[in-house]
Structure formats: C-alpha cells, structure tokens
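Student: would you be able to build a 3D model of this:
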Amino acid sequence: MDGAMTAIQKFMKKDTSGGIVLMVAAVLAMIANNTVLAPWYSGFLNAPVSLQLGDLVIAKTAVLWINDGLMAIFFFLVGLEIKREVMEGELSSLSKASLPVLAAIGGMIGPALVYISLTASDPTAFNGWAIPAATDIAFALGILALVGARAPTSLKVFLLALAIIDDLGAIIIIAFFYTANLSTGALGLAVAGLALAMLLSRMGVKSLAPYVIIGAFMWVCVLKSGVHATLAGVAIALCVPLNVKSGGSPLRRAEHGLHYWVAFAILPLFAFANAGVSLKGMTVAQLLAPVPIGIAAGLFFGKQIGVMLTTLAAVKTRVGALPKGASWKQMYGVACLTGVGFTMSLFIGGLAFDSPERMNEVRLGVLMGSIASGVFGYTLLMMAGGRRKATQPAG
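Tutor: Residues are numbered from 1 along each chain as shown. Next up is the predicted model:
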C-alpha cells in the first residue's frame, strides 16, 4: 500500500501528469458518450442540482455546476498565477514581459482571423470566434516536458508566461463578449465584496478564510449579475497578498494548496463533462463543417502563425529577445504547442453556443486542432533538439 501511494505521489509531481490525466478524462468522456453508457453519461450531465439558502435558490444541471462553479476555482488559481508573475516573475518588468505579451496577443488575433474567414458562410457561427484563441497550460507544458533536456528551460518559462497572458486575454474576452444582460444591483454587491477584499489585502490579512468567504459571496453576486461567474475567481485572487509584513505568503500558500486539486480533480472533471464528442451518425460533411474546421484551423494554423509573426517582429525590432539558448526551430515548435487549446477552448465554446449540435462541432474542432498542434509541436521540438545536439562539437 505504501509503495502504491509513493508511486502516485511521484506521478502527481511530474510536469506531464496533469496533461495525462486530462487526456484520459477526455477519452473516457468519448467512450461514455459513444457506447451503452451514453444514457448514463447524459443523465449525469443533466442531473438537476439545487442549492438553497432562505430565498436564495441556485438551480443548475451538474454540467453547469462544474462549468460555472468548479471552474471558478480554476480561474482563482489562474488569477493567483497572473498576480505572482506580474509582481515578481516573468511578467514583472517590461524587458521580461515584452516577448511573451506580444506573442500572446498575436496568438489570440491569428486564430480569431482564421476562424472568421473560414466560417463567413455561416452567420450563426460568428459567436465562436474566440474559441481557438486560448492555450491550455497543462497540456502545452506537459508536452514540452516530454521533450526533456532537448529544449532549454527558458522555453518552458516563455511558454508559461505566454499561456498566462493568454488566459488573461481569455478572461477579458469572456467579460466583454460573453456576458448576458447585466443586473446592476447584483454587480454592485460583487464590487462591494471586491472592495472589502482589497481592504483586507491592504491591511495585510494573511488568513485565507476571509478571502474565501468573500469570494463565495462574490461568486453568487456575479452569477446573478449576468457576468460569467468564474470571473469572480480571478477578481478575488488578485486581492490575495503575495507577501505580508508579519511574514509568509498567503498567495503562494493558496496556489500550492489548490494546484493538485485543480490539476487532478477539477480540470479532469471538466474534461469529462465537456469533451464527450458524439460520433453517432457522424459524416465527412459534418467533420468538414465551418465551425469544426474553423476551430481546428484556428488552433493549428492561426496560433503558430500569430505567435511566430509577432515573435519575429519583436526580435527583429529588438523589442524582445529569443529565450536564452533557444533556436528559431525550437521557437516554432513552441508556437505550435500554443495551438493546444482544449480546456479554455471548450470553456469558451460552452459560452458561445447553446445547442448540443453546435457543441459537438466545437468538441470536434478543439480535439482535431489540439491533437494536431500537440503532435506537430512535439515532433518539431524533438527534431530541433536532436539536430542541435548533433552539431555540437565533442568534448
């Protein structure tokens, strides 16, 4: 028993583990939705779950509790990572942040343009323009970790910084483009909660409990306001102090405590609930429909083109510099890895479209684009790293 627990602990500490668990969850979802388990799978996703406190009632299906509730915790962790990187990490100065910021912007614009150009014949598809714009941190970093010593550590730092900026861009997109009719009263209460959290932060309150309580209150208010509830997670995360005068780091403590829960519970559950592509009656025409092709091409072509063009422009104009020890071939491989969208792409897809048919198309496009990007990026990095080592003089 002790040996099994040790093996599990070692597995969880590997960089690739989160991506592996995500992939397994996605495969299980596809199996469940395309076998005799399909009714059970559908029943699980659509099971009604209600939470009531006095006159306050929140009633949602299980899949919406996962997407609106548990994913708020994921966004909370993303918010913590963004704040830490901005305050003392790879985004803490203009010289450090310039290249990943510009690359991330190019990596969001490129996929959107590709998607829009390929779905122009289908007016109802426009709402999904942001689906291929985001990178999945767990998958992308997991694939890069598989390359091992063939890729310099600086590339991992660059990809992490780019993905964090990418997530911030996705958060802004959700706030501005995927928000329903606003309830100013509920939003005002959420802002009041945020102001209180900011006050606690200024006072140096290092206990996480007050931030969690205020965060839960804000989540309910934001949910009722019409803004997507997961944004409450980001907002409250930015209030958690990185360091306090009395010692310790509440932000790092929260980040460390949440990491494994998010990587091995919340994200796999999200993948299981959202990646179940139904292949029943699937035809070539459906596979090549504007939405799946637009998403797949946006992730595979749009991401790598957008990242590489802005990176090239930044390096040539000396606004930024290539990561230390990295070649242009390796940079291209990393640019391809940014096309692994999965989690954020599926999440935005759920906001963009309501119909099950459209969501099935979204899943197809995300899986095709992410798999192609991951395989191509990994292959390029292995080849680039191998050639680089082979050209080094012996001794």
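Student: tell me where the stretch 1-150 of the chain has helices.
Tutor: For the stretch 1-150 of the chain, applying DSSP state H, counting those that start in this stretch gives helices covering 2-13, 17-33, 38-45, 62-64, 71-88, 94-118, 137-147.
Student: looking at the ones you listed, which has the lowest confidence?
Tutor: Among the helices of the stretch 1-150 of the chain, helix 2-13 has the lowest mean pLDDT, at a mean of 59.
Student: ok so, going back, so which of the helices of the stretch 1-150 of the chain comes closest to residue 199?
Tutor: Residue 199 lies closest to helix 71-88 among the helices of the stretch 1-150 of the chain, at 17.0 Å (Cβ to Cβ). (Each C-beta comes from the backbone N, C-alpha and C, glycine too.)
Student: next, the buried residues of that closest one.
Tutor: Buried residues in helix 71-88, counting neighbours by 16 or more other Cβ atoms under 10 Å, are found at 71-86.
Student: how about that helix as PDB, C-alpha atoms only?
Tutor: This file holds the C-alpha atoms of helix 71-88, laid out as PDB (Å, rounded to 0.1, in the frame of the first residue of the first chain):
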ATOM      1  CA  MET A  71     -14.200  26.300 -12.900                       C
ATOM      2  CA  ALA A  72     -14.300  29.400 -10.700                       C
ATOM      3  CA  ILE A  73     -11.700  27.700  -8.500                       C
ATOM      4  CA  PHE A  74      -9.600  27.000 -11.600                       C
ATOM      5  CA  PHE A  75      -9.900  30.700 -12.600                       C
ATOM      6  CA  PHE A  76      -9.000  31.600  -9.000                       C
ATOM      7  CA  LEU A  77      -5.700  29.700  -9.400                       C
ATOM      8  CA  VAL A  78      -5.100  31.400 -12.800                       C
ATOM      9  CA  GLY A  79      -5.600  34.700 -11.100                       C
ATOM     10  CA  LEU A  80      -3.000  33.800  -8.400                       C
ATOM     11  CA  GLU A  81      -0.500  32.800 -11.100                       C
ATOM     12  CA  ILE A  82      -1.100  36.000 -13.000                       C
ATOM     13  CA  LYS A  83      -0.500  38.200  -9.900                       C
ATOM     14  CA  ARG A  84       2.600  36.300  -8.800                       C
ATOM     15  CA  GLU A  85       4.200  36.500 -12.300                       C
ATOM     16  CA  VAL A  86       3.400  40.200 -12.600                       C
ATOM     17  CA  MET A  87       4.800  41.100  -9.200                       C
ATOM     18  CA  GLU A  88       8.000  39.000  -9.200                       C
END
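Student: now the strands for the stretch 251-395 of the chain?
Tutor: Using DSSP state E, counting those that start in this stretch, no strands are found in the stretch 251-395 of the chain.
Student: where in it is pLDDT low?
Tutor: Filtered on pLDDT under 70, the stretch 251-395 of the chain yields the residue ranges 385-395.
Student: picking up where we left off before, can I get the helices of the stretch 1-150 of the chain in JSON lines with distance to residue 340?
Tutor: As requested, the helices of the stretch 1-150 of the chain are arranged in JSON lines below (distance: least, Cβ to Cβ, whole Å):
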{"stretch": "helix 2-13", "distance to residue 340": "21"}
{"stretch": "helix 17-33", "distance to residue 340": "9"}
{"stretch": "helix 38-45", "distance to residue 340": "24"}
{"stretch": "helix 62-64", "distance to residue 340": "23"}
{"stretch": "helix 71-88", "distance to residue 340": "16"}
{"stretch": "helix 94-118", "distance to residue 340": "12"}
{"stretch": "helix 137-147", "distance to residue 340": "5"}
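Student: wait, which of those is closest to residue 244?
Tutor: Taking Cβ to Cβ, helix 71-88 is the member of the helices of the stretch 1-150 of the chain nearest to residue 244, at 13.3 Å.
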